[in-house]
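>>> Just a sequence and a predicted model for now, questions to come.
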Amino acid sequence: MSFNSLTAKIGGALLGLALAALSASQSAAQTTLTSLDGKVNLTGELISYDGSNYRIKTDVGDLIVRKEFVMCAGENCPEGQGPAVGDAGSVLLLANDGSARIPGKLISVNDTEFVIESAHGVLTVRREFVTCEGNGCPDSGPKLDRIMVAVPDTSVARLVTTIVGDYVSSKDFNLTEQLMADSDLPVLLIGDEEGLEVGRLSMAQMDNRTAMRVLFSGQVAFALTRERLTPKQVVAALGFSVQDISDVVTEEIIGLDAVDFVVSEGSSIDVMDLDAANAILAGQITNWSQLGGANAPVELHSLSQSAGLLEQLRVHGFSSAALVGDAELHDSVETMNEIVRARDNALGVAFRSQVQDVKSLSLSSAYNVFVDSSEFAIQTEEYPLGVRLYRYTLKTGAESELG
Amino acid sequence: MTRTNRIGYLGAYPIPQVTRGINSAYLAAKAANPDVEFDIIWLNEWFNPDKEAQVAHQLLDRGCDILMQHTVSTAAVELAQEKGIYSFGQSSDMSKYGPHAVLTSMINNWGPYYTRRISEFLNGTWKSEDTLGGLGQEIIALGGLLPTIPNRVHLQAQDVISRIASGQQHPFVGPVRRQGGKGWLALGELASDSDLLTMNYYVDGIKSVFPAAS
């Protein structure tokens, strides 16, 4: 079923090999094969062309290059073997009466003319006489709605993904996630009912101060934070003072989360005193028996990429300096949940939005006031370790529908 | 084999090599089950077990009960085994990691190719050539089919495998439209090698967005 081809690799290898043999000049009898991204040129004598492959004699020997990977320039190029329609950046200009077809690479376009690099040289063509086909053509479809959003951590990025997913589903649109190799944050591609892209939401992880700065510089459509920003922070990012920050930014609470202490479903512990939780994080309580549980060491687990978690613990009065040092930090939420689920002596500390299939401990605070860990308690903000999610947008400027 | 009609696909990089795997799998699945849908997440990596596991979890959460992949770790297969759903191995036989989950594996069987080419080099007959091969050329192989699949499905799968290997069947035969409805292959028309090597679009029916260069 799969046509897993070696050809692309071989073609790429040949082109890479040929990098060392670049020739800046081209005599009249010579042919130049240029890779579609324009980065590699192979110059030499064109020996043959069989409809699929060029065979070209170069300084490094005879090379076979598939036609799909290159554009051919030179008088020996076969007829019509300029860039193919569909190649990145390439176009085909079709005369409205069908009398001419000009394949090539679009150099520039304005309201009246196409300028195209073709096998016959650089040509300027009036737009009213031709139609443009190919990936390189100017977009005549609906304008893509592209926005960038600042998020404090990956769990907020997940929340954004869920919100966008629900939104596009309600419109009968589609959401496709694209992860990047150098980031844990997905790019969200929004497609219409047929899957054609109509919007794109990218996310960038940053601290609150940076988020405000890029918001004011117009690099992000809005910023999400886990803390309410102080006027001082806003003014610092803005660069000049304002009487009231509501003159420059709009603040909304768009979500509620909580710091959660979780154990396995099989654990005999259901409730934890806030002071006891604090003592565990500070390394003063190290065995479950000190809390009325089994005689087993308390094994702390958390996430390596939840910088906001420590901040929130501090905000809620935890002396959590020992958390990082004593806890086993995991790269993925799934791994942390899995370990806590499997080990009766494990205690996980994470945001509620991150935990799954584990038991959230109810909390008791001063004067033995008991608060369960239900979603309801979080929504009513009775839960003592609740966290708000704020959304900041600029007061001025039009916001896209996606935003 | 699917109850939810949702197939989750872990895409590596959005390049023709991967895209034609998705398209061919979709067309084949659609031929067997017209209600099937593909949910595709792109990782932009070939091998990252943690990220693959995370994406596989997401796909399960979104209702997928079969996982396919062009990434190459066994993370998705292992999750499928754990959750009691089906999956396909990629690049190597992954049945060991999902003995009850792996329907089959697509195996990069390049050994015979290397043996032939090195032999040519050693006996002085090697020359540069263009190679495009699949099941018929034994550059691609399939792992064993999961023994527990229904006999009828087993027979159908074996038939398709042998027909593709013998050249009697092609994964891309018209009528096929591109995503969005634009015409591509007319009735009975086969995709050319050039089409296969430059496939940077989905076929009609896939609802995911193809990640065009930004």
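The structure has been received and is ready for your questions. Residues are numbered from 1 along each chain as shown, chains lettered A, B, ... in the order given.
>>> shaky segments in the stretch 251-400 of chain A?
When residues are selected by pLDDT under 70, those of the stretch 251-400 of chain A lie in A:305-307, A:319-325, A:366, A:397-399.
>>> OK, now which residue of it is nearest to chain B?
Nearest to chain B in the stretch 251-400 of chain A, going by Cβ to the nearest Cβ, is A:S332, at a distance of 4.9 Å. For glycine as for every other residue, the C-beta is placed from the backbone atoms N, C-alpha and C.
>>> pretty sure that residue contacts B:A53?
Yes. Using Cβ atoms under 8 Å, A:S332 is in contact with B:A53, at 6.8 Å.
>>> Might you enumerate the residues of the stretch 301-403 of chain A proximal to chain B?
A:331-335 (Cβ under 8 Å from any Cβ of the partner chain).
>>> May I see those arranged in TSV, with secondary structure as well?
TSV is the format used below for these (DSSP: H, G, I helix; E, B strand; the rest coil):
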residue	secondary structure
A:D331	coil
A:S332	coil
A:V333	helix
A:E334	helix
A:T335	helix
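>>> By neighbour count, which of the residues you listed wins?
Neighbour tally across these (other Cβ atoms under 10 Å in any protein chain shown): the maximum, 23 neighbours, falls on A:V333.
>>> Would you mind measuring from the closest residue to it other than its chain neighbours to A:P186?
Distances taken as Cβ to Cβ, 6 or more residues apart in numbering or on different chains put A:Q354 closest to A:V333, at 4.8 Å, once the chain neighbours are dropped. For A:Q354, the distance to A:P186 (Cβ to Cβ, to the nearest Å) stands at 16 Å.
>>> Neighbour count for those two, which is higher?
Neighbour count, other Cβ under 10 Å: between A:Q354 and A:P186, A:P186 has more, with 26 against 23.
>>> Please name the nearest non-neighbouring residue to that one.
A:E177 (4.2 Å).
>>> Okay, and the beta partners of that neighbour?
A:L188, B:I41 (DSSP bridges).
>>> residue boundaries of the helices in the chain?
With no chain named, the answer covers chain A. With DSSP state H as the criterion, chain A has helices at A:7-18, A:154-170, A:208-216, A:231-238, A:274-281, A:307-315, A:321-326, A:333-342, A:375-379.
>>> wrong one, I was asking about chain B
Ranges of helices in chain B, per DSSP H, are B:16-32, B:49-61, B:75-83, B:111-122, B:151-166, B:193-197.
>>> Show me the one of the ones you listed that comes nearest A:D275.
Smallest distance to A:D275 across those (Cβ to Cβ): 35.0 Å, for helix B:49-61.
>>> quick one: average confidence on that closest one?
Per-residue pLDDT over helix B:49-61 has a mean of 92.
>>> what is the orientation angle of it with helix B:75-83?
50 degrees (axes from the mean of the first three to the mean of the last three Cα atoms, to 10 degrees).
>>> and helix B:49-61 with chain A, contact?
Yes. In terms of Cβ under 8 Å from any Cβ, part of helix B:49-61 sits within range of chain A, namely B:50-51, B:53-55, B:57-58.
>>> Pull the most distant pair out of these.
B:D50 and B:Q58 (13.0 Å).
>>> Just want to know which of these two has more residues nearby.
Comparing B:D50 with B:Q58 by other Cβ under 10 Å, the one with more neighbours is B:Q58, at 19 against 15.
>>> circling back to that earlier point, my understanding was that the residue nearest to A:V333 contacts A:L303; is that so?
Yes. In this structure, A:Q354 is within contact of A:L303 by Cβ under 8 Å, at 6.8 Å.
>>> Give me the common contacts of these two.
A:333, A:336 (Cβ atoms under 8 Å, 6 or more residues apart in numbering or on different chains).
>>> quick one: the residue nearest to A:P186 and A:L188 touch, right?
Yes. Using Cβ under 8 Å, A:E177 makes contact with A:L188 at a distance of 6.2 Å.
>>> rewinding a little: A:G239: which of the helices of chain B is closest?
helix B:49-61 (38.2 Å).
>>> in that closest one, what's buried?
B:51-60 (16 or more other Cβ atoms under 10 Å in any protein chain shown).
>>> what does stretch B:61-81 give?
Neighbour-count burial for stretch B:61-81 [16+ other Cβ under 10 Å]: B:64-81.
>>> for chain A, longest strand please?
Scanning chain A for the strand with the most residues, using DSSP state E, yields strand A:249-263.
>>> list the helices and strands that strand packs on?
Helices and strands touching strand A:249-263, as assessed by 3 or more Cβ pairs under 8 Å, 6 or more residues apart in numbering or on different chains; DSSP states H and E, comprise helix A:154-170, helix A:307-315, strand A:346-351, strand A:359-360, helix A:375-379, strand A:386-394.
>>> So which residues on the stretch 51-200 of chain A come close to chain B?
The stretch 51-200 of chain A has residues A:52-53, A:61-64, A:66-69, A:84, A:86-88, A:135, A:146, A:174-181, A:184, A:186-187, A:189-191, A:193-197, A:200 near chain B, with proximity defined as Cβ under 8 Å from any Cβ.
>>> Strands - which of these land there?
Taking DSSP E as the definition of strands, these contribute A:53, A:61-64, A:66, A:146, A:174-179, A:186-187, A:189-191, A:197, A:200.
>>> Pull the number of nearby residues for A:D247.
Look at A:D247: counted by other Cβ under 10 Å, it has 9 neighbours.
>>> can you check the one 3 residues further on too?
A:T250 has 14 neighbouring residues, counting by other Cβ under 10 Å.
>>> measure the nearest residue to A:I245 once chain neighbours are set aside to chain B for me?
Of all residues not flanking A:I245 in the chain, A:V234 sits nearest, at 4.5 Å (Cβ to Cβ, 6+ apart). A:V234 sits 31 Å away from chain B, taking Cβ to the nearest Cβ, to the nearest Å as the criterion.
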